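Student: Just a sequence and a predicted model for now, questions to come.
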Amino acid sequence: MLPEDVARCFREAAAVEGLGVGFWKRPGVIDHHTYAELLDEAERFATGLQALGAKRGDRVALVLPTGPDFYIAWFGCVLARAVPVALYPPVRLGRFAEWRARTAETLMAAECSAVITERRLQGFLGEPVQQLDPPLGCRVVANVQEHGRERSFIEHPMGEMAAIQFSSGTTGDPKPVVLTHENMVSNARSIVSLLPGDSADHIGVSWLPLYHDMGLVGCLLAAVVGHARLTLIPPENFVARPISWLQAISETGATVSVAPNFAFGLVSERVKPAELEGLDLSTWQVALCGAEPVHPKTMDRFSETLSAVGFDSTAITPVYGLAEATLAVSFSALDSKPRWTGFDPDQLENDRTAVPDPDGRQIASLGRPLNCSLTIRNAAQEVLGEGQVGTVYVKGPGVMAGYLNRKDATRAIIDDEGWLNTGDTGFLHDGELYLCGREKDLIIIRGRNHDPALVEQALDGLPGLRSGCAAAFASTAEKADTESLVVVTEVRNAKQIDAGQVEEEARQRIQAQTGLRVESLTLVEAGTLPRTSSGKIRRAETRRLFEARELTAPDSVGMGLVVRENVRGVLHHTMRQLRRLGPR
């Protein structure tokens, strides 16, 4: 049996006549590219990389938006046996300084030999590229392909590494996760194997960014491996117009789509009934929800909002995964409604046991392990029984090879038998996985544990606040001898709300639903809270900035800011080139 090979999977998909991916621009306009066409372009890119001097195993950073160039560059790297490292473009325009710093960190952590981007982003990359000083430079896709003209593609043997993806960095700095070909293909095959019927009959729609594991493995690669049709929406289009996601599903007759919890909430919050007229979501069989805690109330509101246009609530499928496991770890049942089970909150947080209570905290079942083994352990590494809360450990073909050049960090979370410490707390109930949160994010007040997600969920649907845009944490106030609860939450439009009234309602809601008194509740402008590249709120960083009094709103975005950042980047590119030329 041949070893798993991402490149071979792409070639096999390209051999299927007409199979490919569509890039959705607006209703009625989809730019379709067959895999055969993309393979031809990717081979030209791979030849260009080889001509530039890229060697097997060289890391190549891709800072590209959703589009054909991403496919060409990502698979082109794989074909050349270089290692693609997908990084996020500067999507938060008001946070250029933060993006520059994090991009420079990730480029150097992955020790990239080249940076591939598009022309309109090249200027923004000037400073990070100058810091990295990659030997093969910062180039656009067409420029790399031009270097391969008049040359022949050389097929090298498969290397150990297939790709590097960065961990989300919700509780610390993002780390370079090394994924093998087996990691990626086996995980994609596992996802596809659970879809009802023949995977080739399925149609997918996704707006998830391709630099994120859910978008890259769960959508792009799963569609290639399963020979399924796929339509992609630029993430920024979805954020600006959530209805675009539903329009694309209706227009293509999609059967599968995946998104984090906040996206389902955003649809319920911002899509108006009039926008739903004429849509048909009856084909949507599998609505996967993962990447962040699944809130039962959010899912219920989503189902209620869209039931009028044919959406069936049985499609909602809570799932669990993480970058260090390539992506998928567990899936809930596809043929039934999602299971929300109530548990006594005090027993969960303080006795570390899951005692069913219909009136208690509602938690989503994340189903059973997907082609892997899963255990719950205590601090002494002892395996716990059902109903006991501990740390989730995973073992299987999807578990990463390790963090690049970080042996100590790898050993800290993968033991000698290959078990991965996920850092998530949870328990098993009736053989299914339930999560309680991240161990590092726990709020401990007067010796009692509290899940910050519960505090944040209490604000969902409160008029004036942005759904899913809150951070709860414990902080020591001045002259206090114990930590107390602090909540920072973003408002929709600061000029159109009564801040005092919204703050009072938020405090009352949190106390009513969690029993906790909020010591400090701060309303901030949209975009203020620090986020990971995939959009998750970074609670620890929020706490650090809050305590340092450095939690500030993003810069106002205008043409002046864009021009200034571009000019600044061009100057850095020029300085790098002059330095490489040296004295004559």
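Tutor: Structure received.
Student: can you list the domains in this structure?
Tutor: 6-240, 296-440, 443-547 (automatic domain parsing).
Student: Can you tell me which of these is most buried?
Tutor: Of these, the one with the most neighbours on average (mean count of other CB atoms under 10 Å) is domain 6-240, at a mean of 21. C-beta coordinates here come from the backbone N, C-alpha and C atoms, glycine included.
Student: Return the distance of that domain from the chain's centre.
Tutor: Put simply, domain 6-240 sits 14 Å off its chain's centre (CA atoms, centre = their mean, to the nearest Å).
Student: and if you look at stretch 299-316?
Tutor: Using CA atoms, centre = their mean, the offset of stretch 299-316 from its chain centre is 23 Å.
Student: in the stretch 401-550 of the chain, which ranges drop under the pLDDT threshold?
Tutor: 446-448, 477-482, 494, 533-535 (pLDDT under 70).
Student: Strands along that one, start to end?
Tutor: 402-403, 420-429, 432-438, 443-445, 448-450, 465-476, 483-491, 518-524 (DSSP state E, counting those that start in this stretch).
Student: Please convert the domains of the chain to TSV, extending it with distance to Gly290.
Tutor: TSV is the format used below for the domains of the chain (distance: least, CB to CB, whole Å):
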stretch	distance to Gly290
domain 6-240	7
domain 296-440	4
domain 443-547	11
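Student: Going by mean pLDDT, which of the ones you listed comes out lowest?
Tutor: Among those, domain 443-547 carries the lowest mean pLDDT, at a mean of 80.
Student: how far does that one stretch from start to finish?
Tutor: Separation of the first and last residues of domain 443-547 by CA to CA, to the nearest Å is 16 Å.
Student: and what of stretch 167-174?
Tutor: Stretch 167-174 has an end-to-end distance of 5 Å (criterion: CA to CA).
Student: same thing with stretch 442-451?
Tutor: Span of stretch 442-451 from end to end, CA to CA: 6 Å.
Student: again, but for stretch 370-386
Tutor: End to end - CA to CA - stretch 370-386 spans 18 Å.
Student: What of stretch 361-370?
Tutor: 26 Å.
Student: what's the answer for stretch 19-31, then?
Tutor: Terminal residues of stretch 19-31 are spaced 13 Å apart (CA to CA).
Student: ditto for stretch 491-501
Tutor: End-to-end distance for stretch 491-501, by CA to CA: 13 Å.
Student: do the same with stretch 23-43
Tutor: Stretch 23-43 has an end-to-end distance of 21 Å (criterion: CA to CA).
Student: Now the residue nearest to Gly387 when sequence neighbours are not counted: phi and psi?
Tutor: Distance criterion CB to CB, 6 or more residues apart in numbering; nearest residue to Gly387, sequence neighbours excluded, is Ala354 at 4.5 Å. As for Ala354, its main-chain torsions (degrees, to the nearest 10) stand at phi -100, psi 100.
Student: I'd say Ala354 and Asp346 touch.
Tutor: No: counting by CB atoms under 8 Å, Ala354 sits too far from Asp346 to count as a contact (11.7 Å).
Student: Name the helix or strand for Val16, please.
Tutor: Val16 belongs to no helix or strand when elements are defined using DSSP states H and E.
Student: Leaving out sequence neighbours, find the closest residue to it.
Tutor: Leaving aside its sequence neighbours, Val16 sits nearest to His227 (CB to CB, 6+ apart; 5.5 Å).
Student: ok, now Gln513?
Tutor: For Gln513, the spatially nearest residue (CB to CB, 6+ apart) is Ala458, at 4.2 Å.
Student: Quick one: residues contacting the one you found.
Tutor: Applying CB atoms under 8 Å, 6 or more residues apart in numbering, one finds that Ala458 lies in contact with Arg509, Ile510, Ala512, Gln513, Thr514.
Student: 6 Å - rerun?
Tutor: Residues near Ala458 by CB atoms under 6 Å, 6 or more residues apart in numbering: Arg509, Ile510, Gln513.
Student: Tell me which residues touch the first one, please.
Tutor: In this case it means Arg509. When contacts are counted by CB under 6 Å, 6+ apart, Arg509 touches Ala458.
Student: going forward can the numbers begin at 373, since that is how I track them
Tutor: Let's use 373 as the start, then, which means that last one is Arg881.
Student: Out of the strands of the stretch 773-922 of the chain, which is closest to Ile735?
Tutor: strand 804-810 (4.9 Å; CB to CB).
Student: returning to that earlier point: Pro741 versus the residue nearest to Gln885, what's the distance?
Tutor: Going from Ala830 to Pro741 by CB to CB, to the nearest Å gives 31 Å.
Student: still on that earlier bit, any idea how far the residue nearest to Gln885 is from Lys908?
Tutor: 19 Å.
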